[in-house]
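> sequence and predicted structure are below.
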Amino acid sequence: MNKIVQEIPRSFLEESEAARTWFSRKEGFEFKVTGIVNPEKIAVRETSTSTREIQLILCGNQNGHDLCLRERFALTPSGDSFEVRHLSDIEPISGSPAPLLDPPKETRTSWLNSTLAQHEFVILVFYRGFWCPPCRIELLSYQKNGIVNEIRKAGGELYGITSEPHTLAETAHKEWKTDFKHIGDPHHEIIADIHNRGWLSLIIWNYTPGFRKEVSQNFSHPNGIFQPGVLAVTRKGRVLYRWRSLPNHRNVGGATSRVTAQHVWRNVQEALAQAPDTPDSLLDEDAELDSKGYPFLFFLLILFASGWFIKPNYFVMSSKNHSIKRIQNQLRVAKRRIPLFIIFWIMAIVLLPYWGTALIFMVWITIIAPQIYKLYRANQFNNEFGRAIDD
């Protein structure tokens, strides 16, 4: 198990700085040291000239893209400094801690100001994460309907904002093939900025779904998950449009029922046509949504059907070919299993003694009841940004 310490121990400060300087010079842009791996396992120098190895988390911005790397170095004292050798033979490890530190804290605190300075207005679409199929459909709807181009013609820009690390935001940007940037905000600095300005307060979901192993490796929300929301604001700080999802069982805890891209753009256009001193647009509480949601019992039935009625099998994405097409196929298979499930119970009632059928049913209920309860109470883990869950 690799332990990451973000506060570099004093005994490693000089070596860390030497490695950082050397690596920054090698890569051609500046990195910051944001963590050290297993400092308690690093060997003590036997002599004043002994070489020892350290692993560092180095974060920086390359061509406008934030990234964090886990790099290993061998450092040998040389005069007042160190000879640095880069050891590039580290094998990637599952669940590498680097994404949790990507980007470092305070990187996003001024992001909104600098972004607004570049455009007449911006539209921020807050989404759950790379693992979320409805999020992919929502963000691509701005692109498929030509709305991104219309936004740019009007002097604006569109951004997808997620509470995941920036590495996963970039993965979503590349694999979903969106033609606008995705921004990772794992420390909630962008949402804190808009919250403090009184522009929008999102709902945060502090819950960890039980995803498959290949998906859970792409699930990282250190401070909770952004529930869906949209904010459009001008360079001078006038709110053109704002909407947020209020999670409930009907919209599957915020997973479905997103405001449509056409509705957002119509409202933004109307606001842009108004005088610059027009008051901020109010929160849209009667938005045009892309679906009416699903009854909670139907959602449970489909979820358990996908897991052969023993455990819920989520419809989620990962970087291992879990495309929308594959998820749609998973949904079709789940629906086909429902008639088989009904036939099974009819056959059990007809062919088995009543006590045998009752026993099987009680065992099944015992297995699924705790899982259903966990899914039902998942909404209790939602809270408005800035408030504790129990408030």
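Looks like it arrived, so ask away. It should be emphasised that the depicted structure is a prediction, and the values quoted were computed from it without experimental measurement.
> low-confidence ranges in the stretch 151-300 of the chain?
Within the stretch 151-300 of the chain, the ranges that satisfy pLDDT under 70 run 210-218.
> where along it do the helices fall?
Ranges of helices within the stretch 151-300 of the chain are 166-176, 189-196, 213-216, 261-272, 296-306, based on DSSP state H, counting those that start in this stretch.
> make a markdown table out of those and add mean neighbour count and distance to residue 286.
In short, each C-beta sits where N, CA and C put it, glycine included. Conversion of the helices of the stretch 151-300 of the chain to a markdown table gives the following (neighbours: other C-beta atoms under 10 Å; distance: least, C-beta to C-beta, whole Å):
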| stretch | mean neighbour count | distance to residue 286 |
| --- | --- | --- |
| helix 166-176 | 21 | 29 |
| helix 189-196 | 18 | 22 |
| helix 213-216 | 15 | 35 |
| helix 261-272 | 19 | 10 |
| helix 296-306 | 18 | 23 |
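> include distance to residue 152 when you put those helices into a markdown table, please.
As requested, the helices of the stretch 151-300 of the chain are exported to a markdown table (distance: least, C-beta to C-beta, whole Å):
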| stretch | distance to residue 152 |
| --- | --- |
| helix 166-176 | 17 |
| helix 189-196 | 21 |
| helix 213-216 | 34 |
| helix 261-272 | 12 |
| helix 296-306 | 37 |
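> which one of the ones you listed lies nearest to residue 46?
Residue 46 lies closest to helix 166-176 among those, at 37.6 Å (C-beta to C-beta).
> figure out how far the closest one is from the centre of its chain.
With C-alpha atoms, centre = their mean, to the nearest Å as the basis, the distance from the averaged C-alpha position of helix 166-176 to the chain average is 10 Å.
> please apply the same query to stretch 103-117.
Centre to centre, stretch against its chain (C-alpha atoms, centre = their mean), the figure for stretch 103-117 is 18 Å.
> list the buried residues in it.
Within stretch 103-117, the residues that qualify as buried by neighbour count (16 or more other C-beta atoms under 10 Å) are 103, 104, 107, 108, 111, 112, 115, 116.
> for the helices of the stretch 151-300 of the chain, which one sits closest to residue 48?
In terms of C-beta to C-beta, the element of those nearest to residue 48 is helix 166-176, at 39.0 Å.
> looking at the longest strand seen in the chain now, give me its mean pLDDT.
Criterion DSSP state E: the longest strand present in the chain is strand 65-78. Per-residue pLDDT over strand 65-78 has a mean of 81.
> which elements pack onto it?
In terms of contacts (3 or more C-beta pairs under 8 Å, 6 or more residues apart in numbering; DSSP states H and E), strand 65-78 is packed against helix 13-27, strand 31-37, strand 52-62, strand 81-87, helix 166-176.
> got the angle for the first one vs strand 81-87?
Counting by axes from the mean of the first three to the mean of the last three C-alpha atoms, to 10 degrees, helix 13-27 points 60 degrees away from the direction of strand 81-87.
> how about the CA coordinates for helix 13-27, as CSV?
Listed next in CSV are the C-alpha coordinates belonging to helix 13-27 (Å, rounded to 0.1, in the frame of the first residue of the first chain):
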residue,chain,number,x,y,z
LEU,A,13,12.9,19.2,1.5
GLU,A,14,16.3,19.8,-0.2
GLU,A,15,16.2,16.5,-2.1
SER,A,16,12.6,17.2,-3.3
GLU,A,17,13.5,20.7,-4.5
ALA,A,18,16.6,19.4,-6.3
ALA,A,19,14.5,16.7,-8.0
ARG,A,20,11.7,19.1,-8.9
THR,A,21,14.1,21.7,-10.4
TRP,A,22,15.9,19.0,-12.4
PHE,A,23,12.6,17.5,-13.7
SER,A,24,11.1,20.9,-14.5
ARG,A,25,14.2,21.7,-16.6
LYS,A,26,14.0,18.4,-18.3
GLU,A,27,10.3,18.7,-19.2
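> any idea of the mean pLDDT for that helix?
In the prediction, helix 13-27 has an average pLDDT of 91.
> which strands and helices lie in contact with that helix?
Under the contact definition 3+ C-beta pairs under 8 Å, 6+ apart, helix 13-27 sits against strand 31-37, strand 52-62, strand 65-78, strand 81-87.
> what of the third one?
Taking 3+ C-beta pairs under 8 Å, 6+ apart as the contact definition, the neighbouring helices and strands of strand 52-62 are helix 13-27, strand 31-37, strand 65-78.
> what lines up beside it in the sheet?
For strand 52-62, the pairing partners within the sheet under DSSP bridges are strand 31-37 (antiparallel), strand 65-78 (antiparallel).
> ok, the fourth one next?
Here the strand partners of strand 81-87, with direction, are listed using DSSP bridges: strand 65-78 (antiparallel).
> I'd say residue 159 and residue 179 touch.
No - the pair residue 159 and residue 179 does not pass the contact test of C-beta atoms under 8 Å, sitting 12.0 Å apart.
> neighbour count winner among these two?
When residue 159 and residue 179 are compared for neighbours, residue 159 comes out ahead with 19 against 12, by other C-beta atoms under 10 Å.
> bridge partners for the more buried one, pull those for me.
If you apply DSSP bridges, the partners that residue 159 bridges to are residue 124.
> can you pull the contacts of it?
Contact analysis of residue 159 by C-beta atoms under 8 Å, 6 or more residues apart in numbering lists 115, 122, 123, 124, 125, 180, 181, 182, 183.
> how is this protein carved up into domains?
4-101, 111-293, 296-381 (automatic domain parsing).
> any idea which of those is most buried?
Each of the domains of the chain was scored by mean neighbour count; the highest is domain 111-293, a mean of 19, by mean count of other C-beta atoms under 10 Å.
> endpoint to endpoint, that domain covers what distance?
The first residue of domain 111-293 is 34 Å away from its last residue (C-alpha to C-alpha, to the nearest Å).
> tell me which stretches of the stretch 201-350 of the chain form strands.
Along the stretch 201-350 of the chain, the stretches classed as strands by DSSP state E, counting those that start in this stretch are 203-205, 225-226, 229-234, 239-244.
> looking at the ones you listed, spot the one closest to residue 68.
When those are compared for distance to residue 68 using C-beta to C-beta, the nearest one is strand 225-226, at 20.3 Å.
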